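J.: quick one, structure for this:
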Amino acid sequence: MKDAEKLTSFLHSAIEISGLKAGYASRNIKEYEYKGIRNRRRNKVGISDIVENYAVAASSGHRDIDTILRVWEPTYSSYQTSSVFITTFNVNGRTPTLDGIPGWLTCEGIFPPDFYIIGLQEMDLSPEAFIMHTSARHAEWKVILAKSFPKNINYDLIREIRLVGILLAVYRRVGSKINVDLSEIDAVVVPIDRHSTILSNKGCVAISMYMNDTSVCFVNSHFIAHIERNEKRIMDYKYIVKHIRFRRSGKTLFEHDAVFWFGDLNFRLDTAYGLSNNELRELCSDEKAFRDMIIYDQLKRAMKFKVIFKNFKEPEILNFRPTYKYDINSDNWDGSKKRRVPAWCDRILWWNQKGINIRQEFYDSVSSIKFSDHRPVRALFYLDVRKIDLAQYDKAYRRAFNEANHRSNESQPFLECNLWCSDILEALFFVKLMTFYTTENDTPRISHRDDIEEVMRDWERRYSTYTTTSIFITTFNVNGRMPTFEALPNWLTCSGTSAPDFYVIGLQEMDLSPQAFLMNTSTRHSAWQIVIQKSLPASTDYILIQEVRLVGILLMIYRRTDCKVRVEDATTDVEIVPTGFPLLGRMGNKGGVAVSLQINDSSLCFVNSHFAAGQEELEKRNQDYREISQIRFPKTSRSLFDHDIIFWFGDMNFRLETNNNLSNDDFRRLCADENAFRDMIIFDQLKKQKKLNHIFVDFKEPDVLNFRPTYKYDPGTTRWDTSEKCRCPAWCDRILWWNRDGVNVQQQFYESVESVMISDHKPVRSIFHVEIRSIDEVKRDTCLEEAIREADRRANEALPQIELSQNEVDFGKVYFFQSASRILTIKNTGKTKISFSFGARPNRAAVCESWLSITPPNSRLQPGASCTISLQILVDKAVAWTLSADGKLSEILVLRLHHGRHYFVTVSGQYQHSAFGSSFIDLIHKEKKKTSTSELVNLTFSPAPVISAVMAGIPESVFRISEALKQNGLEKIRFDDPSAHSEFIALRNALDTGKPTNLFEACKSAFSMYDTLLTLITSFKESIIPPTSQTECLRAAGDIISCWSCVKKFPVENRNMFIYFIGFVTELMKRNSTANTQMQLLADIIFRQSTGENSYLQRLKFLETVVWGSQGTMRNGPSPQADCQDDADLIIL
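T.: Next comes the predicted model:
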């Protein structure tokens, strides 16, 4: 161990002497994994994986080693050729004879392949497939496939996966020399619309596997149909790419060595280019001319412009006729009334990493198979798969390690890799854990060293050119109104300004219908698209390049077609962040949606948000900001503040404070004065919170707003709110921006549009001129050499130093779903600019526990400057379920100072256990043990007769709130009212403390009380209907006797809760005329399943049977419910 101690001492001395000359070793200690090696644990070489992960410490960067290893790959790899037969077939819900399909899976003159990859679409179109996600035809097709393989050759089914009628099956030839580890095979399903999977058979299924040591992904997809839905097909592709992530390995699509993507992609031949349907059909009958039609193919055009399937391959010319649409059992094109245009809907494409060799042997369709309106398409591929000799790999790695060191700059620290000294490696590992800074998800954009990157940022103008682009941003809360072009005069056009390069349009409350909340589907979405497209400047063409929606929060980005800047599609990404307490099956209309764009070489992020409403909901609005600011985009792993520029806009709902001797009437009078209204900004909550550094730190907005408050008006007028609530005017709708140092953003104007009167808000708009960077690679490389020397010089001058306002942050008492925040101030006390970030502790993926958030998680500071960090604790149900009985919250944050030392910040809190987030079974037993029923329910009202016998088995919190509603509020519930977070907190406190006993003293709103009841039930660890009984309940739906027979089998605690809750729902339906709109939500809650998941109609049917059946049987005699209830009494009492 002495050698290890010497090495540790040497490293520390080097750090002290050179000022971490640089933390150079530290910045290159990465969790290195060569793409061909699969996270293997210890092997025969012993400590080789330690070296693989940590011996990069003093090299010139793990990418140098990667490059060398790729060149040397033949020295440690051998190759085998794997034959892969892929076929895709939309079978139109038909089942041929079980004798097999001759000529489909066999080809003359080829040896039986190693693998058959079979993709079917519309395999089953029966109601059972859509509603119950079960399929009788699945088994039939397995028989058909088995009988269609080459005779006398055996194939094993090694994995299959299905989404409604989309089936993907992988077969391996028995005796194949290509090795497949079955334990490493993974599969994923991506429905196109995750909130309504049951209604659609569109989406994809994918399988990830290794052939020897080569990773391969197979994707079978079915895109949206119809010739005019091309844009939606493109969106389908992007959605699938974004959401493919395999759980076992964590791999995304393009982290494989090879990807094969096939299916009914539904791209059509475009008739907008001069050829009619009849002319295309005539060309199809010509043996040669049909190939020329490929120029009209929508997929080829999209690939040519790199809109989708970038770097995927397919032959330029397709040597088979269009595969769709035929009359069944005929070679005739579609003879139905629709007479669809022939099209190459069914395709097979492939993509591979550089160095992976794939050869397509043939690509054809099988015209002899005619039982569907499609023809099957098939292709044979030869794929060279590698097999790695681990011992040889380790030798190559040692050589590459030392070679990379020798190639590096002589001034940088050097350590020779010695694989045989495990003590030294352990010491190096120890130094890594305790001293050095690593970034686990950060990919430096310019260099491998952060200090070099800092210099390159300072010198950016030496190797970059700039283009000014104009961005028009508008935000508009449309109050659920249906749009018309006439109702939006001059909203998107401004006199005296030229047409901007980009339109960024953010809507809130775009759709307030029940379908939008329950299913996240919207009939008004397309209406707004049409009106917006029509409202754009008529003299200029714009295309929609990205959109994202969360219920009624919609963000759309349009790009001018002749714009001189480019948008990199490969890095474009979207994300949604709902805020508030999520009830099963119901999306909230508060939260944020965001789009990340790379324009030329500049990264921009656009955030459209809708914060909590209500004068008193200030802290909840701050909480919403902090939640949304944690956005991380899945495709690029960028966080919000990893962008060059952020534009954040929306209905932020910040109000004017009325506790300053100015009344609502005073504010209204000031608003009428052409000049005085500007002075009201000093009462604006957002300005005050920003000044206190609680939110939007370093974001910009003019100090004075030169437009009147944008809320609240009587719709159709410019008159302030005259409703019963008579709300105070406020600047709810805002546009702010943030940019990193050196990025030039100029706001041209910032105004509201008072002539638009369809909503109770006025739209707000602004135009920005933004400098967009384009990097000259040659000049950058020239600067890089000088930047290395400059970075070393700076590192030698002074060590970075900071001062923390505190090292221990104690939050004190923390309550369920009530955010608590504290401020941590970081000051740069050194002589150089610093960068810092909060990083994960060793052996942990996350920076901190899920109950803690940090805003911002990283930043840069000039000498003498300070930065405010907001720490927030929020305990939701998922966190509450995992907390120990003592409720202690404890975390140690690691603040990593780039090129400097680590700082540690201890965060602690004491969670106050609540009925919310607990187990209702535990609550029942604790309350029964603690006190008698008469002491427990010390209320002034009597329980309803239907539930009196089971009162001992109902949690006090559930009983109190539901009975309060029955006594005073069921008729008053208005289900479209907003739920105030402050009222939830008041009710939670009343339920947990027992005071006040009359819950309507804590909360005046009947809807908030109802919403809190549902929140309470969904926060319990257990569902009301136990998971083991749910399938049986779904089968019983429609038959009242069978339903209550199922209930009788529940555990006694679940049974009591169910009977009581059904009694409440029955009463609600009787007394509230609009309560039937809640039935789907309530059904999802008792099953604890989200609307849109499989069997949601059956869940609704079960609840309706129990509720309406109960009412009917109660009127006509003894009910099955009563039988269940009596049995429960015997067990409980």
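J.: only C-alpha atoms from now on, for both contacts and neighbour counts.
T.: Noted.
J.: got any ranges where the stretch 901-1050 of the chain has weak pLDDT?
T.: 929-952 (pLDDT under 70).
J.: same check, this time on the stretch 301-450 of the chain
T.: 405-450.
J.: mind listing the strands for it?
T.: Here the stretch 301-450 of the chain has its strands, by DSSP state E, counting those that start in this stretch, at 346-352, 358-365, 377-388.
J.: phi and psi next, for the nearest residue to Tyr237 once chain neighbours are set aside.
T.: Leaving aside its chain neighbours, Tyr237 sits nearest to Ile308 (7.1 Å; criterion: C-alpha to C-alpha, 6 or more residues apart in numbering). Dihedral pair for Ile308: phi -140, psi 170, per degrees, to the nearest 10.
J.: next, count neighbours for Ile308.
T.: Neighbourhood size, Ile308 [other C-alpha atoms under 10 Å]: 21.
J.: wait, doesn't it sit right on Lys232?
T.: No: at 11.9 Å, Ile308 does not count as touching Lys232 under the criterion of C-alpha atoms under 8 Å.
J.: for the nearest residue to Asp1011 once chain neighbours are set aside, give me its contacts.
T.: Spatial nearest neighbour of Asp1011, chain neighbours left out: Ser979 (7.0 Å); criterion: C-alpha to C-alpha, 6+ apart. Ser979 makes contact with 1007-1008, 1011, according to C-alpha atoms under 8 Å, 6 or more residues apart in numbering.
J.: low pLDDT regions in the stretch 51-200 of the chain?
T.: Residues of the stretch 51-200 of the chain that meet the cut-off, pLDDT under 70, sit at 51-64, 66, 130-133, 193-200.
J.: can you pull out the strands in it?
T.: 77-90, 115-121, 155-163, 166-173, 186-191.
J.: now the first one against strand 166-173, angle please.
T.: Pointing back at strand 77-90 there. 140 degrees (axes from the mean of the first three to the mean of the last three C-alpha atoms, to 10 degrees).
J.: which other helices and strands contact strand 77-90?
T.: Here strand 77-90 touches strand 115-121, strand 258-264, strand 346-352, strand 377-388, going by 3 or more C-alpha pairs under 8 Å, 6 or more residues apart in numbering; DSSP states H and E.
J.: can you put these in CSV and add distance to Arg793?
T.: CSV is the format used below for these (distance: least, C-alpha to C-alpha, whole Å):
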stretch, distance to Arg793
strand 115-121, 58
strand 258-264, 44
strand 346-352, 42
strand 377-388, 43
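J.: now render those as CSV, adding mean neighbour count.
T.: Output for those, formatted as CSV (neighbours: other C-alpha atoms under 10 Å):
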stretch, mean neighbour count
strand 115-121, 25
strand 258-264, 24
strand 346-352, 21
strand 377-388, 21
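J.: and of the ones you listed, who's closest to Val143?
T.: strand 115-121 (13.5 Å; C-alpha to C-alpha).
J.: within the sheet, what are the partner strands of the closest one, with directions?
T.: strand 77-90 (parallel), strand 166-173 (antiparallel) (DSSP bridges).
J.: quick one: residues in contact with the first one.
T.: Under the criterion C-alpha under 8 Å, 6+ apart, residues 113-123, 178, 220, 262-264, 346-348, 372, 374-389, 393 lie in contact with strand 77-90.
J.: at 6 Å what do you get?
T.: Here strand 77-90 makes contact (C-alpha atoms under 6 Å, 6 or more residues apart in numbering) with 113-122, 263, 374, 376-388.
J.: can you lay out the strands of the stretch 301-450 of the chain as JSON lines showing distance to Glu956?
T.: Formatted as JSON lines, these follow (distance: least, C-alpha to C-alpha, whole Å):
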{"stretch": "strand 346-352", "distance to Glu956": "60"}
{"stretch": "strand 358-365", "distance to Glu956": "66"}
{"stretch": "strand 377-388", "distance to Glu956": "63"}
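J.: now do the domain split for the protein, please.
T.: As assigned by automatic domain parsing, the chain contains the domains 2-76+390-458, 78-388, 461-775, 802-911, 920-1132.
J.: would you reformat those domains as a markdown table and include distance to Glu790?
T.: Putting the domains of the chain into a markdown table (distance: least, C-alpha to C-alpha, whole Å) gives the following:
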| stretch | distance to Glu790 |
| --- | --- |
| domain 2-76+390-458 | 7 |
| domain 78-388 | 34 |
| domain 461-775 | 15 |
| domain 802-911 | 13 |
| domain 920-1132 | 53 |
